Every structure is written in C-alpha cells, then in structure tokens.
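Trainee: Here is the input, now give the coordinates:
(one chain, ligands or ions: 1)
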Amino acid sequence: MNADILNLLRDPAGVPFYPVVFQGLYILTWALHALFVFLSLGSLGLSLYGTYKQKSDETWKFLTPHLLQTGKVSVSLLIVLGVAPLLFTQVIYDPNWYTINTLSGLWVVIFIYTLLIGYSMYYWYYYANKKGATSTKLIGIISFLLLLFAGLLMHIFSVQAIQPEKWLEWYAPNGIIDTSGLTFNPETFRYLFFISLSIPAVGLFLQNYSDFLENTKNANKKFLIKIKNFGTKIASSGFLLSLILFLIWSLEIGKATDFFSSLIILFGFLLIFTTIKLKNSYLTSILFLVFLLVISGFREYLRFNIMNNLGYNIYEYPLNIEWSSISMFILTFISLGAVGVTFIATIAWKVGKNDGYFDASKDKVVTLLANSVLWILSSWCIVYFAWGFYILFKNSL
Ligand code: HEM
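Mentor: Predicted coordinates:
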C-alpha cells in the first residue's frame, strides 16, 4: 500500500485542531460508547432469561422489568455516545472510514435499518412484557439478535478500516471490480471478546443495583443479597471468559506479549478480585470504566501503529486551527454538557433513592441545576445562531 494514496485521501482543508486531541477524545468517547453497548446487550440478554423465570420466581418478576428498562435507556445512550467517536474517526482517519463506507456501502445502509428495527422491537418487547403477552420472549430474542448483528456490522467496519493493504483485493477480487458494497470480513475473536464484556457489565450492574437500593425505605434485604451474589457470579465468570477470548485474539494478531495486552490481562484479574472482594461495588464499576479506557486505548494503539507503519501518521495531518469552532465546542462541552448531565444524573439518583416518587420543586440543588440548564441552553442557542449567521454572512456577502 502506498502512503501517498492514503495521504491524498485526507481532507485538503486539514484538521481544525491538534490531532492528538481528537485521538484522546476518540479513546474517551469510544469507551463510553462501549460501556452502554455492553450494558444494553447484557441487560437485554439477562432480561430474556428473566422472562422465562418471572412467572414462577418473585425475584425475577421484580428484576426483569428493571433490566428491560436499563437496556432500553442504554441503547439510546450507546447511539448518542456512538456519534462522538464516529466524528473523531472521520476527522483523523477519514481515508479509512470513507473507503470502508464505500466497500461495505450496502452493509452501512443495512446497519441503519437493523438498528431501527432492532430498537423499535425492543420497545415492543418492553410493552409486551408489561402486558404479559405470550409473544414477549420471541420479540425480545429477535430484538437482541438484531442489536447483536448491528454490533457485528460496526465490528466489520472497524476491522476492515485498519487493513488498507487488502482494500484493492476487496475492491477488485481477481481483477474484477465488485461494486456490490457487500465486503464483509469479520475477525471472530475480536468481536466475541468485545461482546463478551456484556456479561461482566450486567453482573456489575446487578451489584450496583443491590447497593443502590440497600438504603431505600422499602428495601428487601434478602432479595438484595440474592441479587448481589448473583451479580458477583455473573461478573467474575464473565471477566474470566472475556480474558480468555482476549488472549486468543491477541495471540491471533501477534500481540499477546505486548505491554498493553499484559496490562489488559492484569487489569482483568484485578477486576475479578474486586468484584468478589470489594463491598462497595461502585468502586468496581469505576475500575471497569478505566478498564474500558485501556481497551479503547489498545484499539487505537493497534490502528495508529498499523497506519503509521504504512506511512500515514495522524500527527502529520495538515493543521488549520479554527479557534471559533474549537471555543464553541469547549464552551458547549463544559457549560451545557457538564451541567446538563449533572442535572439528569442528580434527578435520576434522587428519584431512585425516594422509592420512585420525588418532588423536584422542593429540592434546592435540583431546582438550581434545572434553572441553570434552562439559562445556559437559552444563551447557548442565541450564541450559536448569532455566531453561525455572523460567520455565514461574513464569508458570503
Ligand atoms: C446496537 C448497536 C451497536 C452495537 C452493538 C455496537 C457495538 C460496537 C462494537 C462491538 C464496536 C467495536 C468493534 C471493533 O472494534 O471490533 C463498535 C465500534 C464503534 N461503534 Fe458501535 N455499536 C452499535 C451502534 C453504534 C452506533 C449507532 C454508532 C454511531 C452513531 C456507533 C459508533 C461506533 C464507532 C464510531 C465505533 C468505532 C469505529 C472505529 O473505530 O473504526 N455504534 N460498536
């Protein structure tokens, strides 16, 4: 593969800020995307088991709707949080991303419909379970399989994008051009490793769920202990399975003895230990997030090295700093993003702690946060449009 071609495919306008910043943001936001991918698949998967058990078992009758709700919210979060790494990839690795969107173009379209139908069916599953419909399980299984398939498609886009030496062969196998847009080359163990992380994710969720409800008024201690122990079993065995799959994948790509791989394995064992031994499961969940950041870093480390060895170095991307868009981004991130997320998280926490009923108008902190979000959002809209129109007219008139 000739690096000149890759470099020619870059955006001639250059990047609006230092590439290392986009790289860091990519690692951070992909880890967050992954967190909700794993939580949604894990809780949806476990809820399917719950739908079988809930008729005869009180624990599952209580837990299943909560798992369903958690998965439902997580899918929307994984979609929102998926957009961010997508944008950062497009900024610094645009030759890779757009080539794959051409080679697997039809799969890209199929991805959108898979997600659309899969998520819509999730809502159907949710309401069918509420009503106790007999079709619940089947609808849930189809939704689960569709979301798994959406993940498989995301996976093939990711792995094909880092194999530029094969692009020509995929584009014209045996010299005959293939314009079907159906290039599909998965890396089985990489995919299985990522998906397997859904198991410990839901295990840790159950531990958090139990710790969270422990201090509420109507807490049923026996039930909560049962859930926590169950969560511990799922999380620890899930981590072990993920580590085995990671080892196989890293052996396959010749990275088993790499520093990063050793770090992931050691971290995995640390998580098994904390899952079993630590009383405060929130700490284990924070460690899990750090673990995902390390894994996200590993993905980027693989991609950076592959591309750098081919002569494509993101740090040499032409730079065209645009202070206006950078300051708008940072201001939005800090003002609207931070205050907005704190507001939503605080209110959700307080509703949960008050057994599902919470009068927000009587809470000082929530009221202050709500008013701040309103003011910030209103000012943000004015600044955004005023600034946008100023730039538009400055350039076009
Ligand atoms: C249920 C739906 C989804 C699932 C299960 C899923 C799962 C995954 C998985 C497993 C990966 C890692 C693949 C690998 O490295 O081998 C991934 C990567 C990624 N996903 Fe998702 N995803 C979903 C939806 C989305 C959506 C809707 C977006 C964007 C709006 C998105 C954006 C991304 C991006 C940008 C990457 C990284 C691509 C790269 O590095 O080249 N995903 N996803």
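
Trainee: quick one, what contacts the closest residue to Asp363 other than its chain neighbours?
Mentor: Leaving aside its sequence neighbours, Asp363 sits nearest to Lys350 (Cβ to Cβ, 6 or more residues apart in numbering; 6.6 Å). Any C-beta I mention is one placed from the backbone N, CA and C, and that applies to glycine too. By Cβ atoms under 8 Å, 6 or more residues apart in numbering, Lys350 lies in contact with 358, 360, 363, 366.

Trainee: Only whichever of those residues are buried, select them in PyMOL.
Mentor: Buried residues among the contacts of Lys350 (16 or more other Cβ atoms under 10 Å), as a PyMOL selection:
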select buried, resi 358+363+366
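
Trainee: Among the contacts of Lys350, which ones are in helices?
Mentor: The helices, defined by DSSP state H, take in Val366 from these.

Trainee: three-state assignment of the residue nearest to Asp363?
Mentor: Of the three states, Lys350 takes helix according to DSSP: H, G, I helix; E, B strand; the rest coil.

Trainee: element containing the residue lying closest to Leu67 once chain neighbours are set aside, please.
Mentor: Nearest residue to Leu67 in three dimensions, chain neighbours excluded: Ser47, at 3.9 Å (Cβ to Cβ, 6+ apart). Secondary structure from DSSP states H and E places Ser47 in helix 19-53.

Trainee: what's the distance between the spatially most central residue of the chain and Glu214?
Mentor: Compute the mean C-alpha point of the chain, and by Cα atoms, centre = their mean the closest residue is His33, 1.7 Å away. Counting by Cβ to Cβ, to the nearest Å, the gap between His33 and Glu214 amounts to 30 Å.

Trainee: Ok, Lys221 next?
Mentor: 8 Å.

Trainee: for the ligand, what are the nearby residues on the chain?
Mentor: Taking Cβ under 6 Å from any ligand atom as the measure of proximity, the chain contacts the ligand at 30, 33, 37, 78-79, 82-83, 85-86, 89, 115, 147, 150-151, 154-155, 158-159, 161, 190-191, 194, 299.

Trainee: Now, of those, which are buried?
Mentor: By 16+ other Cβ under 10 Å, the residues of the chain next to the ligand give 30, 33, 37, 78-79, 82, 85-86, 89, 115, 147, 150-151, 154-155, 158-159, 161, 190-191, 194, 299 as buried.

Trainee: Show me how the chain divides into domains.
Mentor: Per automatic domain parsing, the structural domains of the chain span 3-321, 322-397.

Trainee: Out of those domains, which gets the lowest mean score?
Mentor: Out of the domains of the chain, domain 322-397 stands lowest, with a mean of 92 (criterion: mean pLDDT).

Trainee: From start to finish, how long is that domain in a straight line?
Mentor: One end of domain 322-397 sits 20 Å from the other (Cα to Cα, to the nearest Å).

Trainee: just the helices in the stretch 1-150 of the chain please.
Mentor: Under the criterion DSSP state H, counting those that start in this stretch, the stretch 1-150 of the chain contains helices at 3-8, 19-53, 58-92, 94-103, 105-131, 136-161.

Trainee: For the ligand, what's the nearest residue on the stretch 151-300 of the chain?
Mentor: Nearest residue of the stretch 151-300 of the chain to the ligand: Gly151, at 2.7 Å (Cβ to the nearest ligand atom).

Trainee: mind listing what that residue touches?
Mentor: Contacts for Gly151 (Cβ under 8 Å, 6+ apart) come out as 37, 41, 191, 194-195.

Trainee: Save these as JSON lines, and put in distance to Asn229 too.
Mentor: As requested, the contacts of Gly151 are arranged in JSON lines below (distance: Cβ to Cβ, whole Å):
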{"residue": "Val37", "distance to Asn229": "26"}
{"residue": "Leu41", "distance to Asn229": "22"}
{"residue": "Tyr191", "distance to Asn229": "30"}
{"residue": "Phe194", "distance to Asn229": "27"}
{"residue": "Ile195", "distance to Asn229": "25"}
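
Trainee: what separates Glu214 from Tyr357, distance-wise?
Mentor: Applying Cβ to Cβ to Glu214 and Tyr357 gives a distance of 19 Å.

Trainee: for Thr99, same thing?
Mentor: Distance from Thr99 to Tyr357, counting by Cβ to Cβ: 53 Å.

Trainee: And Ile344, by the same measure?
Mentor: 18 Å.

Trainee: the more surrounded of those two?
Mentor: Neighbours per residue, other Cβ atoms under 10 Å: of Ile344 and Tyr357, the larger number sits with Ile344, 12 against 6.

Trainee: Point me to the helix or strand that includes that one.
Mentor: Short version, using DSSP H and E: Ile344 is in helix 339-353.

Trainee: buried sites along that helix?
Mentor: 339-340, 343, 346-347.

Trainee: And stretch 132-143, by the same measure?
Mentor: So for stretch 132-143, counting by 16+ other Cβ under 10 Å, buried means 136, 139-143.

Trainee: Tell me the secondary structure at Thr183.
Mentor: coil.

Trainee: That one and Phe157 touch, don't they?
Mentor: No - assessed by Cβ atoms under 8 Å, Thr183 is found out of contact with Phe157, at 9.9 Å.

Trainee: what is in contact with the two at once?
Mentor: 100, 104, 107.

Trainee: OK, contacts around Ala150?
Mentor: Counted by Cβ under 8 Å, 6+ apart, Ala150 has contacts 111, 114-115, 118.

Trainee: do Ser43 as well
Mentor: Contacts of Ser43 by Cβ under 8 Å, 6+ apart are 67-68, 70-71, 74, 202, 205.

Trainee: Next: Phe62.
Mentor: By Cβ under 8 Å, 6+ apart, the residues touching Phe62 are Phe223.

Trainee: Could you check how far it is from the ligand?
Mentor: 26 Å (Cβ to the nearest ligand atom, to the nearest Å).

Trainee: what's Leu319 sitting at in phi/psi?
Mentor: Dihedral angles phi and psi of Leu319 (degrees, to the nearest 10) take the values phi -110, psi 130.

Trainee: Not counting its neighbours along the chain, what's nearest it?
Mentor: In space, Leu319 is closest to Gly14, 5.6 Å off (Cβ to Cβ, 6+ apart).
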